[in-house]
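S.K.: With the sequence up front, the predicted model follows.
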Amino acid sequence: MIGGGQLAWLFGEAAHRAGYRFHVLTPDAISTATRAADSVTVAALDDVDAFVAFAGGVAALTIDTEHIGTEALAAAARLTRVWPAPEVIATTQSRILQREALAPAGLPLVPYLPVRSVKDLTGAMAEIGVPSILKSATEGYDGKGQVRLAGGESPDDAWRALGAHAAVLERFIPFAAEFSVIVARDASGNCVAYEPFENVHNEGILDHTAWPSRLDDRLAAEAVSIARGAAEALGVVGLLCVECFLLDDGTILINECAARPHNSGHLTIEAAEASQYDQLVRVLAGLPLASTRRLRAAAMANLVGGLHVESSRFIPSGDPDITLYDYGKSYVDRRKLGHLVAVHPSDPGAALARALGERAGIAARARSAASR
Ligand code: ADP
Ligand code: MG
């Protein structure tokens, strides 16, 4: 695994359960995934020599973030299987390249224009109008690297505020709902998909997810077919998460894709026959894909510094229907510090209420512990 965050950690646990060893290359010697790794290589995510040495010792290699030097990945791919392929990661790590790869397949995208200068931005603002969002082409995550335009902003100021070399300007979509679909695709092109997850973001950061979503069967099937189409168009081997907007009139638009495990798929551990992490292990190992069938309803709530919790010390209630994941990170404002998953036999609304209640309880107990 290249990258040492919570996605890497949960992948590592699945790899261990399946009988494999799990090696991590990360810039941070002490990170969420290194707690569970068989070996840790500390290196920058664009260190060609370190990637080559690491790749020489592993049977297959994957990623938990797209913010990786593609030259280093390509060098690794000369020594071992790298899935998704370096070219795929190079495409998905750029909002511009990603959309240029999806559009020819006829997939529905948020209206946007690429922007590489103030001059481009001036033209794009005239064409896209307001409200709109300027997003850096690379390096963005959790709503970082975005500037919202409500009208009246000067292109100069907006471009300076973003501080990127390349960006997209896209229309602000007054969506009725957000959801995501996760697809697993193997090296022969076999593909399985989970039912859509319904997501709510707060300040650009995923706040909570419920499963199943409230999409009706027709929309859910359309969403899955869009996600499969995206995985094929991008040539992903591994996982692809397709984040979408649902409009009031039933239109589905792709917001962005990530070719790795995704925050919205955490709850597949508790609620599906095989989790997104199990699927990725199986793809890397060359095993047949497993069942994505949902066993129960579930909801996931993130524990984000400053948004939900004021410390990274979590005291769970002990509710047997809730699983708490503590990333073991030190407290940083706007950082994902953990998450919890609540399950219910059939009702995602009930699971969500339990998850949000537990999150509020964790925050309250931390506050009262701090004031003692
Ligand atoms: P990130 O890479 O940080 O996840 P996203 O493009 O997914 O960036 O943006 C984060 C969130 O911001 C989205 O999930 C959505 O809630 C909101 N958002 C992003 N783009 C738009 C848009 N064009 N219209 C409305 N909301 C948006
Ligand atoms: Mg996103």
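M.R.: Perfect, thanks for sending it. Ligands and ions are numbered 1, 2, ... in the order given.
S.K.: longest helix anywhere in the chain?
M.R.: helix 348-371 (DSSP state H).
S.K.: now that one, how far from the centre of its chain.
M.R.: The chain centroid and the centroid of helix 348-371 are separated by 23 Å under CA atoms, centre = their mean, to the nearest Å.
S.K.: Can you list the neighbours in contact with it?
M.R.: 198, 208, 210-213, 297-301, 303, 308-311, 313-317, 319, 321-322, 324, 340-344 (CB atoms under 8 Å, 6 or more residues apart in numbering). C-beta here means a position set from N, CA and C on the backbone, and glycine is covered the same way.
S.K.: if you set the cut-off to 7 Å instead, what comes out?
M.R.: The contact list for helix 348-371, computed with CB atoms under 7 Å, 6 or more residues apart in numbering, reads 208, 210-212, 297-301, 303, 308-311, 313-317, 319, 321-322, 340-344.
S.K.: Of the residues you listed, grab the buried ones for PyMOL.
M.R.: Remark: buried members of the contacts of helix 348-371, expressed as a PyMOL selection using 16 or more other CB atoms under 10 Å:
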select buried, resi 208+210+211+212+297+298+299+300+301+303+308+309+314+321+322+340+341+342+343+344
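S.K.: What are the buried residues along the longest helix of the chain?
M.R.: Buried, per 16+ other CB under 10 Å, within helix 348-371: 348, 350-352, 354-356, 358-359, 362-363, 365-366.
S.K.: With stretch 247-265 instead?
M.R.: Residues of stretch 247-265 classed as buried: 252-265 (neighbour count, 16+ other CB under 10 Å).
S.K.: helix, strand or coil for R214?
M.R.: With DSSP: H, G, I helix; E, B strand; the rest coil as the basis, R214 sits in coil.
S.K.: phi, psi of it?
M.R.: According to degrees, to the nearest 10, the main-chain angles of R214 amount to phi -90, psi 10.
S.K.: which residues does it contact?
M.R.: By CB under 7 Å, 6+ apart, R214 lies in contact with 177, 198.
S.K.: Next one, pLDDT for it please.
M.R.: The model reports R214 with a pLDDT of 97.
S.K.: Kindly report the same for V283.
M.R.: Listed pLDDT for V283 reads 98.
S.K.: contacting residues around it?
M.R.: Contacts of V283 (CB under 7 Å, 6+ apart): 83, 184, 186, 237-238.
S.K.: hmm, 10 Å instead?
M.R.: 60, 62, 81, 83-84, 184-187, 190, 236-239, 289 (CB atoms under 10 Å, 6 or more residues apart in numbering).
S.K.: That one: what secondary structure?
M.R.: Assignment for V283 (three-state DSSP): helix.
S.K.: Same question for E232.
M.R.: Three-state call for E232 (three-state DSSP): helix.
S.K.: Tell me what L246 is bridged to.
M.R.: A177, I252 (DSSP bridges).
S.K.: Now do the helices in the stretch 51-200 of the chain.
M.R.: Taking DSSP state H, counting those that start in this stretch to define them, one finds helices in the stretch 51-200 of the chain at 70-77, 86-92, 95-102, 118-128, 155-162.
S.K.: most packed of those helices?
M.R.: Ranked by mean neighbour count, those are led by helix 86-92 with a mean of 22 (mean count of other CB atoms under 10 Å).
S.K.: pLDDT on that helix, on average?
M.R.: Helix 86-92 comes out at a mean pLDDT of 97.
S.K.: Mind putting the buried residues of stretch 247-265 into a markdown table with pLDDT?
M.R.: Below are those laid out as a markdown table (pLDDT from 0 to 100):
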| residue | pLDDT |
| --- | --- |
| I252 | 98 |
| L253 | 98 |
| I254 | 98 |
| N255 | 97 |
| E256 | 97 |
| C257 | 97 |
| A258 | 98 |
| A259 | 98 |
| R260 | 98 |
| P261 | 98 |
| H262 | 98 |
| N263 | 98 |
| S264 | 98 |
| G265 | 98 |
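S.K.: Indicate which one of the helices of the stretch 51-200 of the chain is closest to Q279.
M.R.: helix 86-92 (16.5 Å; CB to CB).
S.K.: How about the contacts made by whatever residue of the stretch 51-200 of the chain ends up closest to ligand 1?
M.R.: Closest contact between the stretch 51-200 of the chain and ligand 1, by CB to the nearest ligand atom, is at I173 (3.8 Å). The contact partners of I173, by CB under 10 Å, 6+ apart, come to 110-111, 131-133, 245-247, 251, 253, 255.
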